[in-house]
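Colleague: What follows is a predicted protein model with its sequence.
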Amino acid sequence: MTVPAGITKRARQLREEIERHNYRYYVLDAPLIPDADYDRLFRELQELEAQYPALVSPDSPTRRIGAAPLSQFAEITHRTPMLSLNNAFDADEVRAFDRRVREALRLRQAEYAAEPKFDGLAVSLTYADGMLVQGATRGDGYTGEEVTANLRTVRAIPLRIAGRRAPALLEVRGEVLMLKAEFEQLNAEQRKRGEKEFVNPRNAAAGSLRQLDPHVTASRRLTFFAYGVGTAAGAPGFTKHSELLDYLERIRFPVSREREVVHDVEGMLDYYHEIGERRARLPYDIDGVVYKVNDLAAQEKLGFVARAPRFAVAHKYPAEEATTTVEAIEVQVGRTGALTPVARLRPVFVGGVTVTNATLHNIDQVRAKDVRVGDVVVVRRAGDVIPEVARVVPEKRPRGAREFDMPAKCPVCGSKVERVESEAIHRCTGGLHCAAQRKQAILHFASRRAMDIEGLGEKLVDQLVDRHMVRTPADLYRLDVAALASLERMAEKSAGNVVAAIENSKRRPLARFIHALGIYHVGEEVAKVLSRHFGSIHALMDAEWEALIAAKEQIQKDNARRRIRNEEPEEPLLPGVGPEIMRSIANFVTQPHNREVIEQLLAAGIELERSMRANSAPSTIRGRTFVLTGTLPNLTRDEARREIEARGGRVSGGVSAKTDYVVVGADPGSKRDKAVELGIKMLDERGLLELMKDSVR
DNA sequence: GATCCTCGAGTTCT
DNA sequence: CTCGAGGATC
């Protein structure tokens, strides 16, 4: 059916008008027309589109809702990682940050863009030729969940970028949150319906965004504030962060009106106090303020350390505190037998959640804070997450309250408890005879970052171990549906899911398997190093550890000598793995019991893949060998090495025919000449960063 | 031997 | 998130 020209025109008018009102209402908070009039416009457009389906376009406001529910979210890799910020908790730390920035930039004064730190969920919105094509959660910073349909329902988020010349690609970064007033209203409704209330706006926003059915998200009235840009192409260039924010505002993204540009530390601290005073009256929750070096070229120069930019810091407001009483101090047993004292508290609402437990870490901490059963204590959430006992209120101590002591015997298995002289931690000596340690070992084996067996949780493992159905990880692979279905809270269906998940876990990268074994001191990183070096589980099991320790020591000595002579050091053997860790591995692999479990696992059909990352995108770095020479402008040699290795590349000491790239910095050594001689590709730092951009970590 | 950094282990609540 | 320990470096 052809659409009459007049109708097409009217539909376009309606869309523009509706989006204009959305903008007035959701972004500027200054509506022009009553809600009833808005509804009338919206209904008219809906009717036109129903009558002439050819009119429907993805940027129509009626399309904000309407996508069908999903069964699960897809995983998205961010083009530019969404990193976290370092925190400052007091003025001194802010001063230290400013000093580091000025020293690195050689400036007497640095300018900062200051803005509130929203307490919501970080998301990334991708616009292609001006159209919103994808929205994703931050996730772990490198990969997040695709929640496009849900983000489309957020009225403050433009479906299309305003203005004539939209960039070819623009990733807008910002925070999705729920206004305090909306939160109160939502909870009132939940209460009326007899449904569970949300504890705070952040959780309500998170819960709403992770709805598989976008209709639910649409009913929750979320809002959004933009604070930055990830990858961009064809966007105007800016020299300052504040200009970038002004641009985002101009193309109709909501940007915090509280933002300011300050010119020194005193300006930062004034801003912090000013926002702090107004915090309670702001329509949304914040947990601090953020300062970013305003000059974008300076930002680039400062670069990154590990997972956080060096050019920005979050200045946090003190955590909310509350008082409660310690009802008991109990002792938990971890995977390695570590005994951890935990304070059981009279439930208290603090920092947006009800807290009933708080770890006391170890006996030294208990003594330092002098926490006793019956004490009145001040509790807060460290970094607004993990509950901790801040201090005791000594005046309120009941008479006769006794000092806490670690038990002499393990509360789970009754074995002797030991504390290695000079170490802070008490340990149960029961090893795998201790049910607690066995349970934790199995949970660790199945955990997401190890063998990733979904559905094998604490409750299930408790039952499996208590009923002697599972003693070692190898026993998991002998479970069948009938056996599992005999357990509590386990019907045929979920039993089937667990069996399938166990079956699914049979193919895993070698590094994950090594990590899953739970060798003391061997976590994810060390497991990767071992996997890369040995390449097979049997090579690891049969290694000559004392010889390796000696060889490593020799290389280190040689390298120390080479450094003094300004020569290139040799590639270190098993970097990050020293004698302690090697002895721990040797100890593990020589125990007949452990060898037997590994053989049983292999016999059960576990296949170990050598690659670090299964199904990862092809990479320009993976499998290539790099040599670094000279000083790079931003990355230290170590950082460059780590970044390359994180992407599956290798960094070696000397140039040879096997070298793929030589990364050349300032004042390069003889290695550049060698590279020229052998005709090996050379890169500067920028070139290396380009390669990394196209390469999955 | 001191010092900085990274990794591992343990922890909370939804 | 925090603490403690091991590793790397000077």
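Modeller: On my side now, so go ahead. Residues are numbered from 1 along each chain as shown, chains lettered A, B, ... in the order given.
Colleague: residues from the stretch 351-500 of chain A in reach of DNA strand B?
Modeller: Listed as neighbours of DNA strand B in the stretch 351-500 of chain A under the rule Cβ under 7 Å from any atom of the strand: A:Val353, A:Thr354, A:Val355, A:Thr356, A:Asn357, A:Ala358, A:Thr359, A:Val385, A:Ile386, A:Pro387, A:Gln440. From N, CA and C alone the C-beta is placed, and that goes for glycine too.
Colleague: do you know how far A:Arg335 is from A:Ala441?
Modeller: A:Arg335 sits 6 Å away from A:Ala441, going by Cβ to Cβ, to the nearest Å.
Colleague: So these two - more neighbours on which side?
Modeller: Here A:Arg335 and A:Ala441 are set side by side on neighbour count (other Cβ atoms under 10 Å), and the busier one is A:Ala441, at 24 against 17.
Colleague: who's in contact with A:Tyr661?
Modeller: A:Tyr661 is in contact with A:Arg624, A:Thr625, A:Phe626, A:Val627, A:Ile680, A:Lys681, A:Met682, A:Leu683, A:Leu688, A:Leu691, counting by Cβ atoms under 8 Å, 6 or more residues apart in numbering.
Colleague: for A:Pro318, that is, sorry about that
Modeller: By Cβ under 8 Å, 6+ apart, the contact set of A:Pro318 is A:Phe89.
Colleague: so which helix or strand takes in it?
Modeller: No secondary structure element spans A:Pro318, as it lies outside all helices and strands (assigned by DSSP states H and E).
Colleague: packing partners for the helix or strand containing A:Ile76?
Modeller: When elements are assigned from DSSP H and E, A:Ile76 belongs to strand A:75-77. Packing partners of strand A:75-77 (3 or more Cβ pairs under 8 Å, 6 or more residues apart in numbering; DSSP states H and E): strand A:143-145.
Colleague: Check which element follows the strand it packs on along the chain.
Modeller: Sequence-wise, the next helix or strand downstream of strand A:143-145 (DSSP H and E) is helix A:148-152.
Colleague: what's whichever helix or strand comes after that next one packed up against?
Modeller: Using DSSP H and E, the next helix or strand after helix A:148-152 towards the C-terminus is strand A:169-177. For strand A:169-177, the elements it packs on are strand A:121-128, helix A:201-209, strand A:223-233, judged by 3+ Cβ pairs under 8 Å, 6+ apart.
Colleague: Format the ones you listed as CSV; extra columns: mean neighbour count and distance to DNA strand B.
Modeller: Rendered in CSV, the data for the helices and strands packed on strand A:169-177 read as follows (neighbours: other Cβ atoms under 10 Å; distance: least, Cβ to the nearest atom of the strand, whole Å):
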stretch, mean neighbour count, distance to DNA strand B
strand A:121-128, 22, 13
helix A:201-209, 21, 5
strand A:223-233, 20, 20
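Colleague: and of these, who's closest to DNA strand C?
Modeller: Checking these against DNA strand C by Cβ to the nearest atom of the strand gives strand A:121-128 as the closest, at 12.6 Å.
Colleague: what does the closest one contact?
Modeller: Contact partners of strand A:121-128, identified using Cβ under 8 Å, 6+ apart, comprise A:78, A:82, A:132-138, A:144, A:147, A:151, A:157, A:160-161, A:166-177, A:202, A:205-206, A:209, A:224, A:230.
Colleague: Can you say which of these are buried?
Modeller: A:78, A:82, A:132, A:134-138, A:144, A:147, A:151, A:157, A:160-161, A:166-167, A:169-177, A:202, A:205-206, A:209, A:224, A:230 (16 or more other Cβ atoms under 10 Å).
Colleague: DNA strand B contacts on the stretch 201-350 of chain A?
Modeller: Going by Cβ under 7 Å from any atom of the strand, the residues of the stretch 201-350 of chain A near DNA strand B are A:Asn203, A:Gly207, A:Val305, A:Ala306, A:Gln332, A:Gly334, A:Arg335, A:Thr336, A:Gly337, A:Ala338, A:Thr340, A:Val342.
Colleague: just the helices in the stretch 351-500 of chain A please.
Modeller: Chain-ordered helices for the stretch 351-500 of chain A, with DSSP state H, counting those that start in this stretch as the definition, fall at A:363-369, A:435-446, A:458-466, A:473-476, A:481-485, A:492-504.
Colleague: Check the stretch 201-350 of chain A too.
Modeller: Counting by DSSP H, counting those that start in this stretch, the segments of the stretch 201-350 of chain A that form helices are A:201-209, A:214-218, A:241-250, A:265-278, A:296-302.
Colleague: And the ones you listed, which one averages the lowest pLDDT?
Modeller: Between those, the one with the least mean pLDDT is helix A:214-218; it has a mean of 81.
Colleague: now that helix: how far from the chain's centre is it?
Modeller: Centre-to-centre, helix A:214-218 and its host chain are 25 Å apart (Cα atoms, centre = their mean, to the nearest Å).
Colleague: before we move on, what about stretch A:427-437?
Modeller: The chain centroid and the centroid of stretch A:427-437 are separated by 32 Å, computed with Cα atoms, centre = their mean.
Colleague: List the contacts of A:Lys459.
Modeller: Contact criterion Cβ under 8 Å, 6+ apart gives A:Arg489 as the residues in contact with A:Lys459.
Colleague: And it, how close does it get to DNA strand B?
Modeller: 12 Å (Cβ to the nearest atom of the strand, to the nearest Å).
Colleague: Check A:Tyr23 too.
Modeller: 32 Å.
Colleague: For my notes, confirm that residue occurs in a strand.
Modeller: No: assessed with DSSP: H, G, I helix; E, B strand; the rest coil, A:Tyr23 is helix; it does not lie in a strand.
Colleague: before we move on, back to that, please indicate which of the residues of the stretch 351-500 of chain A next to DNA strand B are buried?
Modeller: The neighbour-count criterion (16+ other Cβ under 10 Å) marks A:Val355, A:Ala358, A:Thr359, A:Pro387, A:Gln440 among those as buried.
Colleague: Can you lay out the residues you listed as CSV showing pLDDT?
Modeller: Supplementary listing: those in CSV, determined by pLDDT from 0 to 100:
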residue, pLDDT
A:Val355, 86
A:Ala358, 89
A:Thr359, 86
A:Pro387, 85
A:Gln440, 89
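Colleague: Would you mind giving those as a markdown table with distance to A:Leu432 added?
Modeller: Formatted as a markdown table, these follow (distance: Cβ to Cβ, whole Å):
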| residue | distance to A:Leu432 |
| --- | --- |
| A:Val355 | 33 |
| A:Ala358 | 29 |
| A:Thr359 | 24 |
| A:Pro387 | 31 |
| A:Gln440 | 10 |
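Colleague: what's the closest of those to DNA strand C?
Modeller: Distances from these to DNA strand C were compared by Cβ to the nearest atom of the strand; the smallest belongs to A:Thr359, at 8.4 Å.
Colleague: from what I can see that closest one touches A:Thr340, true?
Modeller: Yes: using Cβ atoms under 8 Å, A:Thr359 is in contact with A:Thr340, at 6.2 Å.
Colleague: Is the residue most central in space within chain A in a helix, a strand, or coil?
Modeller: Most central residue of chain A, judged by C-alpha distance to the mean C-alpha position with Cα atoms, centre = their mean, is A:Asp140 at 2.9 Å. The assignment at A:Asp140 comes out as coil when based on three-state DSSP.
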